[in-house]
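sequence and computational prediction follow.
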Amino acid sequence: MSLEVFATILASFALTRILITVLPRIGWMDSVGVRSSHASPTPRGGGMAFVLVGFGVAAWMSWRTEPLDSTMFWGVLMPSLAVAIVGAVDDARTLSPGLRLATHLGASIFGAWWLLRVPAVSPLLIPLAAIGVAWSINLFNFMDGADGFVATQSMAALALLAMLLGVSGTGADGAIALVIAAAVAGFLPWNLPRARIFMGDAGSGWLGAVIGLLLLRSATQAPWIALGVTTWLAPLWCDATVCLLRRALRGDDVLRPHRIHAYQWLLRRVGSHGRMLLLWWVPLLTVYLPLALAVALGQHLIFGAVAAVLGCVQALLCGSGRSEVKA
């Protein structure tokens, strides 16, 4: 397994480096605008590197198991790949929000149906689970606006899921989560401040889909572990949710691009992607990780509720959803 992880990191690292050269030549660039958080044009769509490597290795692993793990392939990997393909097209040429949302919902419904199509699960849970996965896809897309921000949290969440599943004895699923984390790790050095490439919708959408569907699959086998990893991601969930709700209640066009997430306000205050990332990670490691472990290992749901409250308070204190001052 260690050889597969190492090879995945190297392949993702090398492919990302190639994309840094290729993408500008075909015009896949994020230009600098009033709503940008970067100071110079930067290639976008680099997430295709970890998508291709992560999907390829994970698909190979799921199909080599005995018996064949078709549920992992069709319930997690293929719906996530569909989201990534649409994201890549959007990186190349902007698609309508309606088309993107329809794809996200379709992939989420298909994945949720594959994962929950067992007699013990009520069919009523499938649309609810699909909505949750679709929100995860869009959430990761919303929150991908600072160097290394989504990549570090996604990699760590997948690694935590892999570790907890390994402890619980669900080793096969943990191995899939680990190689996907390794694929993101290969991309990360190129995306840390100052980023030389952005993951784009292809990468952020894929991460939202694959993490959402992996958590849903884990919930059918080890629900406390799924809740624990969800607890660890509370600041990410809460920032996106609070921002969306405040904008909707104010009557804003929620589809309009903006820079009023908590992490974006924090970035402008500290003036550095690196400092913002450090400040965000301090509570993640010192507060939310212990709460996540208490949920996953101690099976204490109250700590998940505490994390959700703290995440919402953190989002509000940092200004999530607050109106921008117009010049």
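Received it, and whenever you're ready, just let me know what you need. Numbers count the residues shown, from 1 in each chain.

okay, CA-based contacts and neighbour counts for the rest of this
Noted.

residues in contact with Asp253?
Asp253 makes contact with Arg247 under the criterion C-alpha atoms under 8 Å, 6 or more residues apart in numbering.

same check, this time on Ile85
Contacts of Ile85 by C-alpha under 8 Å, 6+ apart are Ala202.

wait, is it part of a helix?
Yes. Applying DSSP: H, G, I helix; E, B strand; the rest coil, one finds Ile85 inside a helix.

from Met48, how far out is it?
9 Å (C-alpha to C-alpha, to the nearest Å).

can you list residues touching both of those two?
Ala202.

tell me where the stretch 101-250 of the chain has helices.
Using DSSP state H, counting those that start in this stretch, the helices of the stretch 101-250 of the chain run over 125-143, 149-168, 171-191, 200-221, 223-232, 234-250.

what's the closest of those helices to Gln264?
helix 125-143 (9.0 Å; C-alpha to C-alpha).

hmm, back to that, could I get the helices of the stretch 101-250 of the chain as a markdown table with distance to Val282?
Below are the helices of the stretch 101-250 of the chain laid out as a markdown table (distance: least, C-alpha to C-alpha, whole Å):
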| stretch | distance to Val282 |
| --- | --- |
| helix 125-143 | 18 |
| helix 149-168 | 12 |
| helix 171-191 | 19 |
| helix 200-221 | 22 |
| helix 223-232 | 13 |
| helix 234-250 | 12 |
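
for the stretch 101-250 of the chain, which spans come out with low pLDDT?
Within the stretch 101-250 of the chain, the ranges that satisfy pLDDT under 70 run 119-120, 170-171.

next one: Asn191 relative to Arg275, how far apart?
15 Å.

quick one: which of these two has more around it?
Asn191 (24 against 15; other C-alpha atoms under 10 Å).

got the contact list for the closest residue to the more buried one other than its chain neighbours?
Leaving aside its sequence neighbours, Asn191 sits nearest to Gly148 (C-alpha to C-alpha, 6 or more residues apart in numbering; 5.3 Å). Taking C-alpha under 8 Å, 6+ apart, we find Gly148 in contact with 188, 191-193, 195, 277.

re earlier: out of the helices of the stretch 101-250 of the chain, which comes closest to Ser108?
Once the helices of the stretch 101-250 of the chain are compared by C-alpha to C-alpha, helix 125-143 is nearest, at 4.7 Å.

give me the number of residues near Leu3?
8.

now Ile302
By the criterion of other C-alpha under 10 Å, Ile302 has 12 neighbours.

please apply the same query to Gly27.
Count around Gly27 with other C-alpha under 10 Å applied: 13.

ok, now which ones touch it?
Gly27 makes contacts with Ala92, as judged by C-alpha under 8 Å, 6+ apart.

change it to 6 Å
Going by C-alpha atoms under 6 Å, 6 or more residues apart in numbering, Gly27 touches no other residue.

please report phi then psi for it.
phi 80, psi 10 (degrees, to the nearest 10).

re the thing from before, and the helices of the stretch 101-250 of the chain: which comes nearest Pro24?
Among the helices of the stretch 101-250 of the chain, helix 200-221 sits nearest to Pro24 (C-alpha to C-alpha), with 13.4 Å.
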